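Undergrad: got a predicted model here, sequence first, then my questions.
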Amino acid sequence: MMNRNTRSPNDPRSVRPTTSTEFEFLPIEISDQTAAFQTRLNRLPNFRAAPSPIAVRMEGDTLALTGTVATARDRKLAEQLIRLEPGVGNVDNRLIVKE
């Protein structure tokens, strides 16, 4: 006699769902992605990169932010925004707060 909690793989009550996508995923070019992010940062009303723009560089799935920002708030804001970008797994925030 078979235990009620154990089902064989041939049991018709077993459900094995499969998933698939019906569209092609085209990865975003890194240069396009970094340029778009820099543009979005520069459009923020109270964001102040000082004195030059923030540099954005992809290293695998990790995005590195380098440069100088005016406040600790700007440093955190840049990191939080970059985490929303597609393809970014990790963020290496190397931004320096100008004193």
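TA: Yes, it's here. All values derive from a computational prediction rather than experimental measurement. Residues are numbered from 1 along each chain as shown.

Undergrad: dihedrals phi and psi, the nearest residue to residue 62 once chain neighbours are set aside?
TA: In space, and not counting its chain neighbours, residue 62 is closest to residue 90: 4.2 Å by Cβ to Cβ, 6 or more residues apart in numbering. For the C-beta atoms, the positions are set from N, CA and C on the backbone; glycine is no exception. In terms of degrees, to the nearest 10, the main-chain angles of residue 90 are phi -140, psi 160.

Undergrad: try the one 4 residues further on
TA: Here is the backbone geometry of residue 94 (degrees, to the nearest 10): phi -110, psi 20.

Undergrad: next one: the one 4 residues further on
TA: Recorded main-chain torsions at residue 98 are phi -70, psi 130, according to degrees, to the nearest 10.

Undergrad: chain neighbours aside, what residue packs nearest to the residue nearest to the spatial centre of the chain?
TA: Residue closest to the mean C-alpha point of the chain, counted by Cα atoms, centre = their mean, is residue 88 at 2.8 Å. Excluding the flanking residues, the one nearest residue 88 by Cβ to Cβ, 6+ apart is residue 63, at 4.8 Å.
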